[in-house]
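Colleague: what's the 3D shape of this:
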Amino acid sequence: MLDSSDHVVIVGAGFGGWRLVEAFRREGFEGALTLLGEETHAPYDRPPLSKQVLSLKWDVEKATLATPERIREVNVDMRLGVRAVGLDIELYTVHLDDGSSVTGTHIVIATGTRARRLPYSADASILALRNRDDEVRLRDELERIDPGSVVAIIGGGFIGAEVATQLQGRGFAPLVLEAAARPLIDIVGAEASAWLERLAGDAGVELRSSQDIADVVRDGDGFSVIFQDGETLDAALVILGVGAEVNVEWLEGSGLVIDNGVVVDENLLATERIAAIGDVARFGWPNVMGEDLVRIEHWEVANMHAHHLAHFWTTGEGAGDYMVPYFWSDQYGKKIQMLGHAQPDDDVVRVEGSPEEGKWLALYSRGGVVTGIIALAQPRALMLSRHFLERPTTLVHALEEAPWAN
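Modeller: Numbers count the residues shown, from 1 in each chain. The predicted model follows:
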């Protein structure tokens, strides 16, 4: 367990890294904490970037988590604008791109993910929305184009749909181009994605699925999206929202096990004194179906990881209950929420509402056991059903109990 002589070095000053700093102090850790971040900005919350900030309801500063006052309160040495380029797991030393290094007694890897890019000709001019610098660039570009301009959004997943929603609200004409047969089909499965497919059209946003894009090129002040069949689409801006890539390249040769993230156990440990949390961690996850090795890019998972690791390293106590992943997305005027980590090919049954009503609740199951819950505009019914994922629950029992009907 940690004591006051220990020094924890946290690599990654995003949401998870900052929440871990706060969690260590809440757990009573009085030793040294160093937080290293590649961005020059103090830790901030990312979800508002594609919601309140993009819609102009918030100034971007409102998303800041680590205010000067809070930084002093938690007594953390924060070094920003430095990128980790190597890790010595024997000496517990992090090497940085400015030539310096930081040595501690414990290391936490919280480097997260970055926006995935595609090899288009106009790649340098294509926008993304992953961090604050992306938000500034997008804001400046939107000020340059006229209201009503077509903005092509490549990728109809969560981030693409959220961006499209806010741009339409600001008077632009978002056009969502999705490669799959339906948005989110690889995440929520075929049936649930069919129930969600109508949201864009109901909100007046054009969505085109099964789009095979060959290239994106600059065309004067705008862009031309070129499809494999030779057709083209003109757009004032192009925004890419095609998922994320995990930031683990700096760990090559470190000796840690890297396999779609940093492989850690159920207590988030890669070694006794090296851990990984959040998007970068591929962790042992005890759940209602047994234990899986997973990597989950959810805000709430990073939050739970921070609390769990701080508690484990200060008390030696592991988690006693199943962790129930939670995710939400505000898109096309509706809120999608998910609990658990169901597989897209799990069975799914809708138990409340309908797509026509614009609100519904559905349960996923595998082998007759509930593995996940998804809801559209049904937050109360979702949370009333959460306990089905806190212990193994048969689908038959869940349907008999039907807490959503209360």
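Colleague: make it CA atoms for all contacts and neighbour counts henceforth
Modeller: Will do.
Colleague: Now residue 395: phi and psi?
Modeller: The phi and psi values for residue 395, taken as degrees, to the nearest 10, are phi -60, psi -40.
Colleague: contacting residues for it?
Modeller: Each residue near residue 395 by C-alpha atoms under 8 Å, 6 or more residues apart in numbering is listed here: 365, 368-370.
Colleague: Just the buried residues of those residues.
Modeller: When those are checked for burial by 16 or more other C-alpha atoms under 10 Å, the buried set is 365, 369-370.
Colleague: Return the member of the contacts of residue 395 nearest to residue 8.
Modeller: For the contacts of residue 395, the residue nearest residue 8 by C-alpha to C-alpha is residue 370; the value is 38.6 Å.
Colleague: Using CSV, write out the CA atom coordinates for the helix or strand hosting the closest one.
Modeller: Using DSSP states H and E, residue 370 sits within strand 369-376. What follows is strand 369-376 as a C-alpha-only set of coordinates in CSV (Å, rounded to 0.1, in the frame of the first residue of the first chain):
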residue,chain,number,x,y,z
VAL,A,369,-28.6,-14.1,-19.0
VAL,A,370,-29.0,-10.4,-19.2
THR,A,371,-25.8,-8.8,-20.6
GLY,A,372,-26.8,-5.2,-21.3
ILE,A,373,-29.5,-2.6,-21.4
ILE,A,374,-30.1,0.1,-24.0
ALA,A,375,-32.6,2.9,-23.8
LEU,A,376,-33.8,5.8,-26.0
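Colleague: What are the buried residues along the helix or strand just after it?
Modeller: Next along the chain after strand 369-376, taking DSSP H and E as the criterion, comes helix 379-384. By neighbour count on 16+ other C-alpha under 10 Å, the buried set for helix 379-384 is 379, 381-383.
Colleague: Let me know the closest of the residues you listed to residue 160.
Modeller: Among those, and counting by C-alpha to C-alpha, the member closest to residue 160 is residue 379, at 22.3 Å.
Colleague: number of nearby residues for the nearest residue to residue 316 once chain neighbours are set aside?
Modeller: Spatial nearest neighbour of residue 316, excluding adjacent residues (C-alpha to C-alpha, 6 or more residues apart in numbering): residue 1 at 6.2 Å. Residue 1: 12 surrounding residues under other C-alpha atoms under 10 Å.
Colleague: And for residue 256?
Modeller: Residues within reach of residue 256, counting by other C-alpha under 10 Å, total 17.
Colleague: isn't it right next to residue 272, touching?
Modeller: No - applying C-alpha atoms under 8 Å as the test, residue 256 and residue 272 come out as separate, 11.9 Å apart.
Colleague: which pair in the contacts of residue 395 spans the largest distance?
Modeller: It's 368 and 370 that sit farthest apart of the contacts of residue 395, by C-alpha to C-alpha, at 6.7 Å.
Colleague: shared neighbours, the two?
Modeller: Common neighbours of residue 368 and residue 370, counting by C-alpha under 8 Å, 6+ apart, are 394-395.
Colleague: Low-confidence regions, this protein specifically.
Modeller: Counting by pLDDT under 70, the chain contains no low-confidence residues.
Colleague: How about residue 247: what's its closest non-neighbour residue?
Modeller: residue 113 (5.1 Å).
Colleague: now that neighbour, which residues is it bridged with?
Modeller: Partner residues in beta bridges with residue 113, using DSSP bridges, are residue 246.
Colleague: Give me the distance between it and residue 226.
Modeller: Using C-alpha to C-alpha, to the nearest Å, residue 113 is found at 28 Å from residue 226.
Colleague: Same check on residue 38?
Modeller: Residue 38 sits 35 Å away from residue 226, going by C-alpha to C-alpha.
Colleague: Spell out the secondary structure type for residue 62.
Modeller: When states are read from DSSP: H, G, I helix; E, B strand; the rest coil, the local structure at residue 62 comes out as helix.
Colleague: ok, then the element right after the longest helix along the chain?
Modeller: In the chain, assigned by DSSP state H, the helix with the most residues is helix 299-315. With elements assigned by DSSP H and E, the helix or strand that comes after helix 299-315 is strand 326-331.
Colleague: buried set for the helix or strand following that next one?
Modeller: The element immediately downstream of strand 326-331 (helix or strand, assigned by DSSP H and E) is strand 334-340. Neighbour counts over strand 334-340 (16+ other C-alpha under 10 Å) mark 334, 336-340 as buried.
Colleague: likewise stretch 126-134?
Modeller: Buried residues in stretch 126-134 (16+ other C-alpha under 10 Å): 126-132.
Colleague: and what of stretch 168-182?
Modeller: Burial within stretch 168-182, assessed by neighbour count using 16+ other C-alpha under 10 Å, is assigned to 168, 172-180, 182.
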